[in-house]
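Undergrad: With the sequence up front, the predicted model follows.
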Amino acid sequence: MIPYDVILGTLYLSQIGLGVLGNSILLSFFIFTSCKLRPTDQIISQLILANFIFLLSRGIPMIISAFGVKNFLDDTSCKIDFYLQRVSRGLSLCSTCLLSGFQAIVISPISSPWEGVKARAPNYIIPSCLFCWLFNLLIEIGTAIGITGPHSHNINFTVTVDVIICTWRDPSSNFMLLPTFRDVAFVGMMVYTSGYKVILLRKHHQQVQHLHRTSHCPRASPEIQVTVSILLLLSTFVSFYLVNGIFALCCNYLPHSSSWMVKVSAFLVLCFPTISPFLLISRDSQVARACCPPRGRHKP
């Protein structure tokens, strides 16, 4: 029989490889395309970068550990690696929320309160992205304080959380208030903007319903197509985030939580950066045509 660790390591390796491939395809399109990039592409580029950092900082140690290599990180390496994981995870959350908020402003009607911001919204994207970086770099500094290397696993701390490669000492006491508030606030804003966009899309559908009856091939506007893609991305993010959050709470607050719960939580948290680029590619006709160009008829 194939050892359990080999199966787990192969699963992690396939997941990381698929995620790196998808994000590389999407990033290559943004870098080498001759098409004019949309404002949302700048936010998606930041999301791709966050995906890369998280996949590598979280996935590579998981693969090495699954294949039987133990104690390969010391205290300093654990702190740096865990800090990168937390920052990239927060950056992914912030970028997804920013993407949702920007698109909600773009598709808002003229009579909405966002009318004055709508025309200037593209100018705020780069400052907002820089703010996301600075905000997450600062508030995650405290989370690395409680991380120790594997050689410290036998030290008697009050509360310890096994993160497979390292140990997180007393996570509730190490400046976790701001990251927790950030997560709750950004997820709440994503849910709010998603609901707002669903209402706008429903009104738009009702207004143009008579056009759909008279047209044989009705096509949605580019703004609507992008909005649907972002809604799909948001629903995927929130679903994985909530399920992983349940497993993480069990691992943090159950003193005798099984190691399989930690490994399942690690697998779930890697799902979004793996799947998200393929969702964006499949829903974006511009990217899909660049990746899989249609076969044209050859003229004689």
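TA: Yep, that arrived. Everything numeric in this text was worked out from a predicted model, so none of it was measured.

Undergrad: Walking through the chain, point out its strands one by one.
TA: Along the chain, the stretches classed as strands by DSSP state E are 147-148, 160-162, 167-169.

Undergrad: Compare the mean pLDDT across those strands and name the weakest.
TA: Ranked by mean pLDDT, the strands of the chain end with strand 160-162 at the bottom, a mean of 45.

Undergrad: How many residues are close by Phe181?
TA: The burial count assigned to Phe181 is 11, neighbours taken as other C-beta atoms under 10 Å. In this view, the C-beta of every residue, glycine as well, is placed from N, C-alpha and C.

Undergrad: Is it correct that Thr167 is in contact with Thr148?
TA: Yes: between Thr167 and Thr148 there is a contact at 5.2 Å, judged by C-beta atoms under 8 Å.

Undergrad: list the contacts for Ala104?
TA: 114, 193, 196-197, 200 (C-beta atoms under 8 Å, 6 or more residues apart in numbering).

Undergrad: Next one, pLDDT for Met189 please.
TA: 90.

Undergrad: what about the residue nearest the centre of the chain, distance to Ala144?
TA: Most central in the chain under C-alpha atoms, centre = their mean is Ser92, positioned 4.2 Å from the mean C-alpha point. Look at Ser92 and Ala144: by C-beta to C-beta, to the nearest Å, they are 18 Å apart.

Undergrad: next one: Ala66
TA: 23 Å.

Undergrad: what's the answer for Phe82, then?
TA: From Phe82 across to Ala144, the span is 6 Å (C-beta to C-beta).

Undergrad: same question, Lys263
TA: Distance from Lys263 to Ala144, by C-beta to C-beta: 22 Å.

Undergrad: same thing with Ala185?
TA: Between Ala185 and Ala144 the computed distance is 22 Å (C-beta to C-beta).

Undergrad: Neighbour count for the two, which is higher?
TA: Taking other C-beta under 10 Å, Ala185 and Ala144 do not tie; Ala144 has more neighbours (21 against 12).

Undergrad: residues contacting the more buried one?
TA: Neighbour list for Ala144: 79-80, 82-83, 86 [criterion: C-beta under 8 Å, 6+ apart].

Undergrad: Leu37 too?
TA: So Leu37 contacts Phe30 (C-beta under 8 Å, 6+ apart).

Undergrad: which stretches of the stretch 101-250 of the chain have low pLDDT?
TA: Counting by pLDDT under 70, the stretch 101-250 of the chain contains low-confidence residues at 111-112, 114, 150-164, 168-176, 204-223.

Undergrad: Just the helices from it, written as ranges.
TA: With DSSP state H, counting those that start in this stretch as the criterion, the stretch 101-250 of the chain has helices at 115-118, 125-139, 177-207, 209-214, 222-253.

Undergrad: Would you check how far apart the closest residue in space to Ser77 that isn't next to it in sequence and Lys79 are?
TA: Residue nearest to Ser77 in three dimensions, not counting chain neighbours: Gly149, with 7.3 Å by C-beta to C-beta, 6 or more residues apart in numbering. Using C-beta to C-beta, Gly149 is found at 9 Å from Lys79.
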